[in-house]
Every structure is written in structure tokens, then in C-alpha cells.
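Trainee: What shape does this take:
(2 chains)
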Number of protein chains: 2
Amino acid sequence: MNSFQEYLDTVNRAISTIPYPEQPSQLYEPIAYHMALGGKRVRPVLTLMACDALGGDLLVALDAAVGIEMFHNFTLLHDDVMDNADVRRGKPTVHRRWNDNTAILSGDTMLTIATQYIAGTGNWQVMDLYNKTAIEIYEGQQWDMDFEQRNDVTVDEYINMIRLKTSVLLGCALKAGALIAKASDADCAHIYDAGVNMGLAFQLMDDMLDVWGDPKTFGKEIGGDIMNNKKTFLLINAMQLAKGDDADELRHWLNDPYTTREDKVPAVTAIYERLGVRQLAQDAIARYNELAIASFNQVKMSDEDKQAFISLANKLAGRNY
Amino acid sequence: MNSFQEYLDTVNRAISTIPYPEQPSQLYEPIAYHMALGGKRVRPVLTLMACDALGGDLLVALDAAVGIEMFHNFTLLHDDVMDNADVRRGKPTVHRRWNDNTAILSGDTMLTIATQYIAGTGNWQVMDLYNKTAIEIYEGQQWDMDFEQRNDVTVDEYINMIRLKTSVLLGCALKAGALIAKASDADCAHIYDAGVNMGLAFQLMDDMLDVWGDPKTFGKEIGGDIMNNKKTFLLINAMQLAKGDDADELRHWLNDPYTTREDKVPAVTAIYERLGVRQLAQDAIARYNELAIASFNQVKMSDEDKQAFISLANKLAGRNY
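Mentor: So this is what the prediction gives:
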């Protein structure tokens, strides 16, 4: 197995040389712009790692990898329209730099380009997995939007939402590599489960970084979720645990429309600390990370390769970026 | 070959029994609503007709037919958002009845469901044709939006735009049926060309119906294109042909923001009549219809089946709905 960086270089080379047509430029320039914003590229690297560890053809896996990363970026593009987000990775979002219509249509085009890359594998199991995963991700996004209107979201509902919205794509990325390597059904299932649990830890860490992340490496302003009253793992648990004065204070910060960022973010963060939800989140991340490691350990591959996956899982579950 | 109505019944039965999941209802209800708005269902019927005429398996073709109709309806859903349209087939559009975010996400879901139906054929040639066609349709939509900002659009550019935005999907619908029937490359090419030319005649007739259609059967208010200064075949030709007083009057109607529908629509229609662009459009429709018929005649199938396609082409080129 190669290093993460070597797979990443392969993925970045493939993405930066995608031959977009020149015209109509208003359709393809936003796609090239959005894809060039970068990102961790974790998903396509997972596809290459899984395929390589299980003895598959990396050139075929590269088509799946690029398709999955293109799909992921399509969801970000449309999410930015739906969330009315101004900034992505430190630059203006497509719908800000161009407009909503451009973002909608360029996003649609990215979804079909992604499907073309998936079709490039010539593997119907990968195509079916990809489509099923896409549907789950839309469902997750819909639940996320539904939750904005509700005050009774449970932790289980939240975990199911992030499983759909975020985690299944990591499972899909790994399993696609395994399918291309013609791995056994059992190995495909184990590596998929590993990806889903890794994704849950990954998203819960995202919730934590929004509160306790390092502004220098996080890429977004700290406290965005708090300012938006976003029902994260932290807020849902806090709403359930807060009693007496804590409950009154939390209710105040959630309902007062005149609060400033300078007041609200430190105050809600302090409530989270008092109620112990920071620890709850850390425990949950550790638990999902252990489940991911246990699943990786069940896949039939060399100990060295297992260790590479486990190191990556540990890194993502403990990242500060 | 069965009658148009029999194929249509098959298509409508398949579409009305698509098993959408119940939850999240905010995602799937708009899809079921939009698909139930109806429409002519020309594209899926063309797929079944082509497959049947060339001796293929109709059950496989039905997957392609439903996929293509779902794809077509996805493009309408997102177009309605981009055009800010209030009404489709006499009912509120999805983004009006729900909201823009719902329309974006439900549309994305429809695109992936469409791809699942296409994958259901198990035919990579159909999958590749479908994806290539989808890309062309997005390009056509982008050109259409680009043309709004330009006053120098040529007739050739316009024809190329409607070829991409509308016509290639009719070619795709027919060729998908032919591919499933394992028709020869020549037959696939001829039936595709027939569909594209049929589509050009179809779209030019749409331009005419917006001006001279019967309000009772057209489904939309007459003169919408005129009110929006939409650069149709009629307006582009009129802008090129108008001289002297006609040019001044046309410029007035295009630029005066205070005109009413009651004044503008009859006045611009009268200019079209004076300049002979109504006749130009009729001639173009007849020409593309003849090209479609010539291509159908080159496909190796029974004379009876050829006649069925030719009757349908004539009907669509002469429709008043």
C-alpha cells in the first residue's frame, strides 16, 4: 500500500486534469472553480486504499474515486445554495460569486459528470451502491432541514441524520474500492461498516470543532452552529440535560434575536462545558472510532494495510482541522 | 406494434405505481406531486415504440422509459426554479407550493431515481447515452440563459440551443429503445436523427403555440414569451428582418417596461405577421418534420411500424396543444 499522500497526489492529479468543455463557459467555469477549492479528498483516497489493499485495479478505482469526490462536491454546491452560505474553504461560494441559477445548473451537471465517472468503472454493483448512497444523502439533507423546524429532535434521530448525510458516503467510498477489487461479500460489508462508523466519528468531531476548533486551521468562523441554533449533537444533548438556571439561560440564547456573536458563543460554550456535553461528544467519537477499527480488523487484508486504515481513522477522529 | 394509447397506458401505470418511500415526506411528496401533473409522456412512449418495432424486450425498455420521463421532469422542476415560474400544467409549481430548497433537493433526488431506472436496464450503452444527453440538456439550458443577456443571437445559435435543450432527449428516447432491442448501429443512428429532427419541429411548434395557440388547450397563458422578450425563433427572425417603422416599433415593445399584456402581445403578434416570421416558422417545422420522416424511413422495420412513427411525427408537428 502507498502512503496517504501518494494516493492523494494521484487523486488531485486526476481532478485537476478533468477535461471540461470550454463552452458554455458559464456552466463549466463554476464547476472547475468549485472543484479547485480543494478539501481533504478523504473519500477518493479511501476508494484507492480499499481497492489497493484488496488487490484491485487502481486505474478502475480512480474512476470511482473521482466520481465520488465529484458527487460529494455537487452536494456541497447545492447545500451552499440551500443554506445561503457565503464562504467555502475561505473563498466565495459559487452562488455568491455567480448566482443561484448557475449554482443549481452547474451542480446538476456535476451530478451527471460524477455518474459518468462511476459508469467508467463498468461495474454495476458500484453504480447501484453509488445511486443508493446518493438517495440516502438527499434523505439526510432533508432530515437536517426538517430538524430546523423542530425542538424535539432526539440524539438517535440526529445520529441517523448524520449517518445518512455524511457517513454512508465514506462507507460507499471504501466499499466501491472493495467491489472493484472483487472482494468477498463479507469483506465488502465490513469495510462499509468501518466507513460508516468512521463517518459518524468524523461528523461528531466536526460538531466539536465548530465550538472548540482552532480558528487558524478550521477554515470557518468558530461558533457558526451556535449562532444558527443548529441542532448538533451538542445542542440536542444540552437541551435534554439542562435544568433550572441552565435551562433558562440556554432558552434565552436560543430565542433572543438581538444577541451578538461575542456574547452568545462563549455563553453557550460555557453551558456545554457545565453540562458535560463536550465529554459526551468525545466519548461518542471514541466509541464510533473503536467500532470502525473493529470492522477494519475483520477485513481480510495484510496487517500493514489494516494499520494504515486504523491510523487514518484515528487521525480523522482526533483531527483539529 | 401497439397503439400510442396502449403504450401510454403502460407508461402511466408504471409512473403512478413508483414506490416512493414514505419518509422523509418533505422530500418525496413533491416528487409524487410533480410526476402526477401529467404531460404528454411522448418520450417514454417513443422508447417503448422503438424497442417494440425493433424486436426488443418491452419490460427492459419500460425501465428506460420511466427513467427518461423522470429525468425530463427533473429538468422541468429545476427549470421552474430558475425561471421563477408559478404554474405548470395549471397547478402551482413545486417551488411555489413548497419552496426553492425543496424544489432543488427533490429535483436532485429525481435525477438519481432516473439514473436508477436507467441502471435497471443493465445496458451500458443506454447509460452512456443517457448521461451524454443529460450533459447536452444542461448545456442547452445554459445557452438559453446566456441568450437572455444578448441581443445578437443568430437563428443558427437558437436552433443549436433547442437541439440541446429539447431535441436530443427525443433522440435519446428512441435510441434507448433501439439499443435495448440490439438494433444495428445504422438503425440506432437513423432513429436518433429522426428523434432530434422531430424535437426541433416540436420546439418550434411550441414557440408558435405561445403566440397563436388556443388558450383552452395550451395550458399556459398566451404570449408569455412575448411578455418576457424571450428570444424565440420568431423574435430572433423578427429582429433581423424588421426595418424602418417595424424596427422602431419592435424596439419600443422590447424596451418599454410599462407596457401591458393587453397592448404588447397583440402588437408584437401583428409585427410577426407583417414580417412573415409566422410563415418562416411553419416552413422550418415542415422541413424538420420531413427530415424526421426521411430518417424513420431508413430504419429497418415494417412499413406498418414506420407509418406509426410518421403519423406521430406529423401529429406533433401539427399539434395545437
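
Trainee: hey, let's count contacts and neighbours off CA atoms from now on
Mentor: OK.

Trainee: Enumerate the residues of chain A near chain B.
Mentor: Counting by C-alpha under 8 Å from any C-alpha of the partner chain, chain A comes close to chain B at A:24, A:26-27, A:78, A:82, A:101, A:104-105, A:108-109, A:112-113, A:115-116, A:119, A:122, A:124, A:127-128, A:131, A:134-135, A:138-139, A:142-143.

Trainee: Can you flag the buried ones in those?
Mentor: A:26-27, A:78, A:82, A:101, A:104-105, A:108-109, A:112-113, A:115-116, A:119, A:124, A:127-128, A:131, A:134-135, A:138-139, A:142-143 (16 or more other C-alpha atoms under 10 Å in any protein chain shown).

Trainee: which residues are contacting stretch A:51-62?
Mentor: A:1, A:11, A:44, A:47-48, A:120-121, A:174, A:176-183, A:300-302, A:305 (C-alpha atoms under 8 Å, 6 or more residues apart in numbering or on different chains).

Trainee: What's the ChimeraX line that selects buried ones from those residues?
Mentor: Selecting just the buried residues from the contacts of stretch A:51-62 in ChimeraX takes one command, with 16+ other C-alpha under 10 Å as the test:
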select /A:1,11,44,47,48,120,121,174,176,177,178,179,180,181,182,183,300,305
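
Trainee: Report the buried residues of the host helix or strand of A:Cys188.
Mentor: If you go by DSSP states H and E, A:Cys188 is part of helix A:185-212. Neighbour counts over helix A:185-212 (16+ other C-alpha under 10 Å) mark A:187-212 as buried.

Trainee: Mind giving me the packing neighbours of that helix?
Mentor: Packing contacts for helix A:185-212, counted by 3 or more C-alpha pairs under 8 Å, 6 or more residues apart in numbering or on different chains; DSSP states H and E, involve helix A:155-162, helix A:168-180, helix A:224-227, helix A:233-241, helix A:277-298, helix A:303-318.

Trainee: 7 Å instead?
Mentor: With contacts taken as 3 or more C-alpha pairs under 7 Å, 6 or more residues apart in numbering or on different chains; DSSP states H and E, helix A:185-212 sits against helix A:168-180, helix A:277-298, helix A:303-318.

Trainee: Just the buried ones among the residues of chain A next to chain B: which are in helices?
Mentor: Counting by DSSP state H, these place A:26-27, A:78, A:82, A:101, A:104-105, A:108-109, A:112-113, A:115-116, A:119, A:124, A:127-128, A:131, A:134-135, A:138-139, A:142-143 in helices.

Trainee: Would you mind writing the CA trace of the helix or strand bottoming out on mean pLDDT in chain A as PDB?
Mentor: In chain A, the helix or strand scored least confidently by mean pLDDT, DSSP states H and E is helix A:215-218, which has a mean of 78. What follows is helix A:215-218, C-alpha atoms only, in PDB (Å, rounded to 0.1, in the frame of the first residue of the first chain):
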ATOM      1  CA  PRO A 215      -9.800  29.300  14.100                       C
ATOM      2  CA  LYS A 216      -6.500  29.200  12.200                       C
ATOM      3  CA  THR A 217      -7.000  25.600  10.900                       C
ATOM      4  CA  PHE A 218     -10.800  25.300  11.000                       C
END
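
Trainee: and that helix, how far out from the chain's middle?
Mentor: Using C-alpha atoms, centre = their mean, to the nearest Å, the distance from the centre of helix A:215-218 to the centre of the chain it belongs to is 18 Å.

Trainee: Show me what counts as buried in that helix.
Mentor: Going by 16+ other C-alpha under 10 Å, helix A:215-218 has these buried residues: A:Pro215, A:Phe218.

Trainee: could you say what helices and strands that helix packs with?
Mentor: On the basis of 3+ C-alpha pairs under 7 Å, 6+ apart, helix A:215-218 makes packing contacts with no helix or strand.

Trainee: Output the below-cut-off pLDDT ranges for chain A.
Mentor: Within chain A, the segments meeting pLDDT under 70 span A:219, A:321.

Trainee: go with 80
Mentor: A:216-220, A:319-321 (pLDDT under 80).

Trainee: Show me the residue at the heart of it, geometrically.
Mentor: A:Thr166 (4.4 Å; C-alpha atoms, centre = their mean).

Trainee: you'd agree that one is up against A:Asn197?
Mentor: No: A:Thr166 is beyond contact range of A:Asn197, at 10.5 Å (criterion: C-alpha atoms under 7 Å).

Trainee: Right, and chain B sits closest to which residue of the stretch 151-300 of chain A?
Mentor: Here the residue of the stretch 151-300 of chain A nearest chain B is A:Met161; by C-alpha to the nearest C-alpha that distance is 10.9 Å.

Trainee: Spit out the contact partners of that residue.
Mentor: A:Gly140, A:Trp143, A:Asp144 (C-alpha atoms under 7 Å, 6 or more residues apart in numbering or on different chains).

Trainee: tell me the contacts of the second one?
Mentor: Contacts for A:Trp143 (C-alpha under 7 Å, 6+ apart) come out as A:Met161, B:Pro24.

Trainee: swap the cut-off to 10 Å and go again
Mentor: Each residue near A:Trp143 by C-alpha atoms under 10 Å, 6 or more residues apart in numbering or on different chains is listed here: A:137, A:157-158, A:160-162, A:164-165, B:23-27.

Trainee: ok, now the last one?
Mentor: Residues counted as contacts of A:Asp144 (C-alpha under 10 Å, 6+ apart) are A:Tyr138, A:Glu157, A:Tyr158, A:Met161, A:Ile162, A:Leu164, A:Lys165, A:Lys230, A:Lys231, A:Thr232.

Trainee: Now do the second one: how many residues are near it, please.
Mentor: Right, the one you point to is A:Glu157. Counted with other C-alpha atoms under 10 Å in any protein chain shown, residues neighbouring A:Glu157 total 14.

Trainee: Could you double-check that it sits in contact with A:Phe147?
Mentor: Yes: contact criterion C-alpha atoms under 10 Å: A:Glu157 and A:Phe147 qualify, at 9.3 Å.

Trainee: got the CA positions of stretch A:278-297 in PDB?
Mentor: The C-alpha atoms that make up stretch A:278-297 are tabulated as PDB, following Å, rounded to 0.1, in the frame of the first residue of the first chain:
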ATOM      1  CA  ARG A 278     -18.200  18.100  25.500                       C
ATOM      2  CA  GLN A 279     -17.300  14.900  27.300                       C
ATOM      3  CA  LEU A 280     -20.300  13.200  25.900                       C
ATOM      4  CA  ALA A 281     -19.200  14.100  22.300                       C
ATOM      5  CA  GLN A 282     -15.700  12.900  23.000                       C
ATOM      6  CA  ASP A 283     -16.900   9.600  24.300                       C
ATOM      7  CA  ALA A 284     -19.200   9.100  21.300                       C
ATOM      8  CA  ILE A 285     -16.300   9.900  18.900                       C
ATOM      9  CA  ALA A 286     -14.100   7.300  20.700                       C
ATOM     10  CA  ARG A 287     -16.900   4.700  20.600                       C
ATOM     11  CA  TYR A 288     -17.600   5.100  16.800                       C
ATOM     12  CA  ASN A 289     -13.800   5.200  16.200                       C
ATOM     13  CA  GLU A 290     -13.500   1.800  18.000                       C
ATOM     14  CA  LEU A 291     -16.300   0.300  16.000                       C
ATOM     15  CA  ALA A 292     -14.600   1.500  12.800                       C
ATOM     16  CA  ILE A 293     -11.300  -0.100  13.900                       C
ATOM     17  CA  ALA A 294     -13.000  -3.300  14.900                       C
ATOM     18  CA  SER A 295     -14.600  -3.500  11.400                       C
ATOM     19  CA  PHE A 296     -11.300  -2.800   9.600                       C
ATOM     20  CA  ASN A 297      -9.800  -5.600  11.700                       C
END
